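Chemist: this one's sequence-less:
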């Protein structure tokens, strides 16, 4: 692993940040698509971990500095810089914009399946199918209702959910937050910071987010070591859910040669981007 990998990771994070602004796109699905998921998790899980083996400690440090942190920095830059850009393209070219990222996730899904072929089909196929069915059922149940959470614990719940969505391929941050009644309470507090109460809300959110990221990463890292095939069958099922949700978010589609051609072109561009991205 070389210094240039840090720059590549920032680019991956930047694209992930921009993609996260598109309805239905899961940031973790993008990280999987860019072949950085295991290293991203490994870097996070190494935080606050006392490693006795010097070689392992040095390797974890490199992964943290050249993969995990650069991806996080890239995501933050992408979220800030891409807000107006994505808003413009979703307004003018919504199907093409969404299908660009459908292509990215689809390309990543095919790579994930290819790279994790195994003979344990009796375990992985049932796990895949059960996860697929359960995730779709939960999605359609949640899509029909709002979840009301007491204001006092809202920053804590928001921080925990944000960590889960960043680390576990599923559906977009924007979709989950749209289900939370009064989620804007946390956002407005972050924007104003006009009093002690706002500061406490933001600090609670940040502390819970950081701790949740580290703890959940440690759990996923353990599961990947012990049950890698099962974990990736679950990840593949959740990526399929993400793809379906993204397609559902296209909305009204005008049938014309130009629209169909450019949408297919956008999909292929995204697919090839994921298939040809430099691997860690």
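Modeler: Received the coordinates, thanks. Only a predicted model underlies this, so the values are computations on that prediction, with no experimental measurement involved.
Chemist: now the helices: where do they sit in the stretch 1-150 of the chain?
Modeler: 4-19, 27-33, 37-45, 54-63, 69-81, 83-92, 94-115, 121-142 (DSSP state H, counting those that start in this stretch).
Chemist: Select, out of these, the one closest to residue 245.
Modeler: helix 121-142 (6.8 Å; CB to CB). Yep, even glycine has a C-beta here, placed from its N, CA and C like the rest.
Chemist: which of the residues in that closest one are buried?
Modeler: 124, 127-128, 131-132, 135, 139 (16 or more other CB atoms under 10 Å).
Chemist: Likewise for stretch 244-262?
Modeler: Those would be 244-246, 249-250, for stretch 244-262 by 16+ other CB under 10 Å.
Chemist: Following the chain onward from the lowest-mean-pLDDT helix or strand in the chain, which element is next?
Modeler: When each helix and strand of the chain is scored by mean pLDDT, DSSP states H and E, helix 184-192 comes last, with a mean of 54. Per DSSP states H and E, the first helix or strand lying C-terminal to helix 184-192 is helix 196-226.
Chemist: Could you check the angle that next one makes with helix 37-45?
Modeler: 120 degrees (axes from the mean of the first three to the mean of the last three CA atoms, to 10 degrees).
Chemist: Show me what the helix or strand just after helix 196-226 is packed against.
Modeler: Next helix or strand after helix 196-226 toward the C-terminus (DSSP H and E): helix 228-248. Under the contact definition 3 or more CB pairs under 8 Å, 6 or more residues apart in numbering; DSSP states H and E, helix 228-248 sits against helix 27-33, helix 94-115, helix 121-142, helix 196-226.
Chemist: Let's have these in JSON lines, adding mean pLDDT.
Modeler: JSON lines is the format used below for the helices and strands packed on helix 228-248 (pLDDT from 0 to 100):
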{"stretch": "helix 27-33", "mean pLDDT": "87"}
{"stretch": "helix 94-115", "mean pLDDT": "87"}
{"stretch": "helix 121-142", "mean pLDDT": "79"}
{"stretch": "helix 196-226", "mean pLDDT": "86"}
